[in-house]
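Q: With the input below, show me the fold.
(2 chains)
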Number of protein chains: 2
Amino acid sequence: MATFAPDTRIRSALAPGAIVDRLIPVVGEDHVLHRPEQLAPYECDGLSAYRSVPLAVVLPGSVEEVCEVMRVCSENGVPVVARGAGTGLSGGALPYEHGILLVLSRFNRILSIDPDNRLAVVQPGVRNLAISEAVSNLGLYYAPDPSSQIACSIGGNVAENAGGVHCLKYGLTVHNILALKVVTVDGELIEVGGPRLDSPGYDLLALMTGSEGLLGVVVEVTVRLLPKPASARALLASFDDVESAGRAVADIISAGVLPAGLEMMDNPSIRATEDFVHAGYPVDAAAILICELDGTAEEVDDQIVQVRDVLAKAGAAQVRLSNDEAERIRFWSGRKNAFPAVGRISPDYYCIDGTIPRRALGSILSEISRLSEEYGLAVANVFHAGDGNLHPLILYDANKPGEFERTETLGGRILEACVAAGGTITGEHGVGVEKINQMCVLFGDAELEQFHRVKAAFDPEGLLNPGKAVPTLARCAEFNAMHVHGGQVPFPDIERF
Amino acid sequence: MATFAPDTRIRSALAPGAIVDRLIPVVGEDHVLHRPEQLAPYECDGLSAYRSVPLAVVLPGSVEEVCEVMRVCSENGVPVVARGAGTGLSGGALPYEHGILLVLSRFNRILSIDPDNRLAVVQPGVRNLAISEAVSNLGLYYAPDPSSQIACSIGGNVAENAGGVHCLKYGLTVHNILALKVVTVDGELIEVGGPRLDSPGYDLLALMTGSEGLLGVVVEVTVRLLPKPASARALLASFDDVESAGRAVADIISAGVLPAGLEMMDNPSIRATEDFVHAGYPVDAAAILICELDGTAEEVDDQIVQVRDVLAKAGAAQVRLSNDEAERIRFWSGRKNAFPAVGRISPDYYCIDGTIPRRALGSILSEISRLSEEYGLAVANVFHAGDGNLHPLILYDANKPGEFERTETLGGRILEACVAAGGTITGEHGVGVEKINQMCVLFGDAELEQFHRVKAAFDPEGLLNPGKAVPTLARCAEFNAMHVHGGQVPFPDIERF
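A: Presented below is the predicted three-dimensional model:
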């Protein structure tokens, strides 16, 4: 198991017992957890390879309580990590051992739904899917749909700027929220954004979104709702080689089609998935694409013709069209269960999250294959291909000494290959603790310094989620000094876009 | 003529002559303007009611020169106002009399076009329309289309987060750019954003966009390009009363149609426009709507049926459909020339820019009509109705004593009515100097303080565009103290949404 070495050893000015004594009057005895058996369930988020036990877990029940908790903590220099459902995959909600974990699970109410203006006001602990369920009878839905949508909460979606299968067409969280209420580090309540398209003043809404809990605590979210499309159909295409599948993805987008979803799976993912859910995937294919088209029935028909044409030209071996809603859902059932399916064939797996230009899909797959051999670890690839977002799953066994460390190194190399191809180190999972070193590859000192100045504008003492998301310059100096690949230009074979 | 009283009397540590002497070696003698006749053309931007003469106008020719100019200015405490084409309507590029004006008109090159990844890298002085023209042969275009698009430059679009007729469907500038190169106040070059959907670290791209030149100087913009729609047609509907037209707008959106543009003009605007360009508008109508639909031919046909149905139910007196591209352009010709058309019927006009929820269109029009009578000034209304963005044009005569001041007060009252209806004080023109007082109505001290902390994270000495966009707390305290409407709740008759 990995342990996280935070950059800043910020320590509470209060002893753990004193913190608990100060917080019980604020939120009530039942809502301050401090005994070891109470703390254990909170020691990690969805990135369970990293674990850390906080001084206490605090579960406030109102905005006023959050404000007061933050006042107590900032007056006493107590670090605070905010957490929603804890499904994040980059360790963004990993507790800080010298601070408290602020859990927002009691903020689970939908406060209002406004179909005229197509928005809903929800508390941060509301689950992503619960929003769409609550407005379904109005013909509306909330578009971002991370794979964890049944469990993940909207506050965490905001913190990580979550995406999902449909973000190719409908955008990330930042494109689907309108306003936030945020408690600042010193316990003040501010409102950012607003219900209209534009909002004057600096765009603090976008700045807060994806800031991974480093700038404030989100206590209310106004989300945009979209009308459910009249029609949706999916195409399932198989390919004999991954390069052709990659080329087809780029060609579909170049043809001017904007699919609602455009996903790619390679052979190891197809096999693992088919064994698990029997979605009807061709197990001998080198790769499959799932392309969903939505809109009016006429529009969907028109797009199907266009996409079929592109797939044929790109050399698809077989193309199937969903004939009804049950078949469309069946096409997706494999993709949606790809992660647990891979979990069945390997003791452990590590989900990487990088982004590349679509045209580089073929060459990055070759590079991942080469790195997979170099490190002696199998990789199954599941891609949000339409927006170039990769989720290579590295298969490993945590019980074999050194295998997790090798997995981490391989993951880092894959992310660096993404950067070398003109991409970046995250698509939708955030940086958290997982990718903090790769931030040093992506950004120079000038950008990192500007990030730290922005952080200080919200949290001058650095009490919010210490050591996550943005590395210190010292950390990067150390990382970059250690990280020379034999004096070579890294990845000479990767095409740059 | 109005004069602008900036909040902060920041003064250069160098005498004007010394500044000129320091900058000539950086950009060359031809590119430092300092004689009164050289400075006069730069004394205002598109909001010509406000004028101010800078110490010098500097026209750098390279990123390196911008860095060096900023280093000289920050080392000597010289305030800097950056400016593009100067077409802005809120005074964001109004010079600061104790500082220099940094004009980016020499940055007028398109650096690269990448059709595969649908993006272009351009210098900030490139005109908005020039981008679409340059990529037209590739079947692509740049979506945001402010009315000034023939003249305005992309750097200014970024600074003000410009919109346009098509932003209802395609978003504002912030939704259509991918990356920026920015020179910081102390002359460092940083890159924000990136070519992929998500970018790790804080979202400085969104933060810079719409920051009105207060955080840095944009020296390069990576814009997103979209494929030109296969088909576009426009409906022109006339109404006998404005309330029905307003209701039709909300109903079209509620029906799940997302028009490419949805514009509204009231009778005074229709008459002024028809006299000028003969677009074939019905001069007796209380209001017209222009609704453009784009996409594949089938999709457009389908949407036309839906919109026609909504228009009929909302009580449209007459509905016409453009039969060919020439007629579609003719329908738009009136709307696109509405501002100069109004300019012909009044010695002067003042364009207001506010936003309201769509459902409030009817009641805000009644309120504007009431305020128009109260202040004795005619108002012609031109609305980006689909996204609730209002452009009331107040007709006045600057040569009549007191009339401009009355116009300004009326404009402020209209904006406050927008806020009271659940809207905001800008749609796309920015705050600049024009709406600085209304920011005090919209935001509380906690939000304003956070804005100032963010500003300080980029520009601790406040040298960039002093006194614009975000008012000081002292200014707001003064404004709010003066601004009590007889102890009444303002706008008791406005419906809140």
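
Q: Can you pull the poorly scored residue ranges out of the stretch 351-497 of chain A?
A: For the stretch 351-497 of chain A, the stretches with pLDDT under 70 are A:483-497.

Q: Residue numbers of it in contact with chain B?
A: Counting by CB under 8 Å from any CB of the partner chain, the positions of the stretch 351-497 of chain A adjacent to chain B are A:355-359, A:387-389, A:422-428, A:430-431, A:435, A:439, A:442-443, A:446-447, A:450-451, A:453-458, A:469-470, A:497. In short, each C-beta sits where N, CA and C put it, glycine included.

Q: Recalculate using a threshold of 6 Å.
A: The stretch 351-497 of chain A has residues A:355, A:357, A:359, A:387, A:423-427, A:431, A:446-447, A:450-451, A:453-454, A:457 near chain B, with proximity defined as CB under 6 Å from any CB of the partner chain.

Q: now chain A
A: Within chain A, the positions lying close to chain B (CB under 6 Å from any CB) are A:116-117, A:172, A:188, A:190, A:194, A:196-198, A:200-203, A:206-207, A:210-211, A:227, A:256, A:296, A:298-299, A:302, A:355, A:357, A:359, A:387, A:423-427, A:431, A:446-447, A:450-451, A:453-454, A:457.

Q: which residue packs closest to the closest residue to chain B within the stretch 101-250 of chain A, ignoring adjacent ones?
A: Nearest to chain B in the stretch 101-250 of chain A, going by CB to the nearest CB, is A:Ala206, at a distance of 3.1 Å. Nearest non-adjacent residue to A:Ala206, counting by CB to CB, 6 or more residues apart in numbering or on different chains: B:Ala206, 3.1 Å away.

Q: Any idea how many residues pack against the one you found?
A: 25 (other CB atoms under 10 Å in any protein chain shown).

Q: what's downstream of the helix or strand that contains it, the next helix or strand?
A: Secondary structure from DSSP states H and E places B:Ala206 in helix B:204-208. With elements assigned by DSSP H and E, the helix or strand that comes after helix B:204-208 is strand B:217-224.

Q: which parts of that next one are buried?
A: Taking 16 or more other CB atoms under 10 Å in any protein chain shown as the neighbour-count basis, strand B:217-224 is seen to contain the buried residues B:Val217, B:Val218, B:Val219, B:Glu220, B:Val221, B:Thr222, B:Val223, B:Arg224.

Q: Let me see the mean pLDDT of that strand.
A: Strand B:217-224 shows an average pLDDT of 97 in the prediction.

Q: give me the number of residues near the nearest residue to A:Arg106 once chain neighbours are set aside?
A: The spatially closest residue to A:Arg106, leaving aside those adjacent along the chain, is A:Gly61, at 4.8 Å (CB to CB, 6+ apart). Other residues within reach of A:Gly61, judged by other CB under 10 Å, total 14.

Q: Would you quantify the distance from A:Gly61 to A:Val103?
A: Between A:Gly61 and A:Val103 the distance is 11 Å, computed by CB to CB, to the nearest Å.

Q: Then A:Asn389?
A: Summarising the geometry, the distance separating A:Asn389 from A:Val103, computed by CB to CB, is 29 Å.

Q: what's the closest non-adjacent residue to the residue nearest to the spatial centre of chain A?
A: With distances taken as CA atoms, centre = their mean, the residue of chain A nearest its centroid is A:His429 (2.2 Å). Spatial nearest neighbour of A:His429, excluding adjacent residues (CB to CB, 6+ apart): A:Asp353 at 4.0 Å.

Q: and that neighbour, how many residues sit next to it?
A: Neighbours of A:Asp353 under the rule other CB under 10 Å: 26.

Q: Quick one: residues contacting it.
A: For A:Asp353, the contacting residues are A:Thr426, A:Gly427, A:His429, taking CB atoms under 6 Å, 6 or more residues apart in numbering or on different chains as the criterion.

Q: Could you rerun that using 7 Å?
A: A:Leu89, A:His391, A:Thr426, A:Gly427, A:Glu428, A:His429 (CB atoms under 7 Å, 6 or more residues apart in numbering or on different chains).

Q: Check the contact between A:Glu434 and A:Gly46; I expect there is one.
A: No. With contact defined as CB atoms under 7 Å, A:Glu434 does not count as touching A:Gly46 (10.5 Å).

Q: of the two, who's got more company?
A: Taking A:Glu434 and A:Gly46 together and counting by other CB under 10 Å, A:Glu434 has the greater number of neighbours (31 against 20).

Q: what sits against that one?
A: Each residue near A:Glu434 by CB under 7 Å, 6+ apart is listed here: A:Leu47, A:Ser90, A:Gly91.

Q: same thing but at 10 Å, please
A: With contacts taken as CB atoms under 10 Å, 6 or more residues apart in numbering or on different chains, A:Glu434 has the following neighbours: A:2, A:4, A:47, A:49-50, A:88-92, A:94, A:350-353, A:408, A:411-412, A:415, A:425-426, A:468.

Q: Can you turn the buried part of those into a PyMOL selection?
A: One line in PyMOL is enough to select the buried members of those, burial here meaning 16+ other CB under 10 Å:
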select buried, chain A and resi 2+4+47+49+50+88+89+90+91+92+94+350+351+352+353+408+411+412+415+425+426+468
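
Q: which ones among the contacts of A:Glu434 are found in strands?
A: Using DSSP state E, the members of those that fall in strands are A:Tyr350, A:Cys351.

Q: Show me what the helix holding B:Ala206 is packed up against.
A: helix A:204-208, helix A:445-458, helix B:154-160, strand B:177-183, strand B:189-193, helix B:445-458 (3 or more CB pairs under 10 Å, 6 or more residues apart in numbering or on different chains; DSSP states H and E).

Q: Show me the contact partners of that helix.
A: Counting by CB under 10 Å, 6+ apart, the neighbours of helix B:204-208 from elsewhere in the structure are A:174, A:202-207, A:209-210, A:447, A:450-451, A:454, B:158-159, B:161, B:174-175, B:177-180, B:182, B:190-194, B:199, B:211, B:214-216, B:218, B:222, B:454, B:457-458.

Q: what residue ranges in the stretch 151-300 of chain A are flagged as low confidence?
A: Scanning the stretch 151-300 of chain A for pLDDT under 70 picks out A:196-198.

Q: Which residue ranges of the stretch 51-200 of chain A form helices?
A: Ranges of helices in the stretch 51-200 of chain A, per DSSP state H, counting those that start in this stretch, are A:63-75, A:128-135, A:154-160, A:167-170.

Q: can you put the ones you listed in CSV and add mean neighbour count?
A: Converted to CSV, those look like this (neighbours: other CB atoms under 10 Å in any protein chain shown):
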stretch, mean neighbour count
helix A:63-75, 20
helix A:128-135, 20
helix A:154-160, 31
helix A:167-170, 23
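
Q: and A:Phe404, which of those helices is closest to it?
A: Evaluated with CB to CB, the helices of the stretch 51-200 of chain A place helix A:154-160 nearest to A:Phe404, the distance being 23.0 Å.

Q: starting at the chain centroid, how far to that closest one?
A: When C-alpha coordinates are averaged (CA atoms, centre = their mean, to the nearest Å), helix A:154-160 and its chain have centres 9 Å apart.
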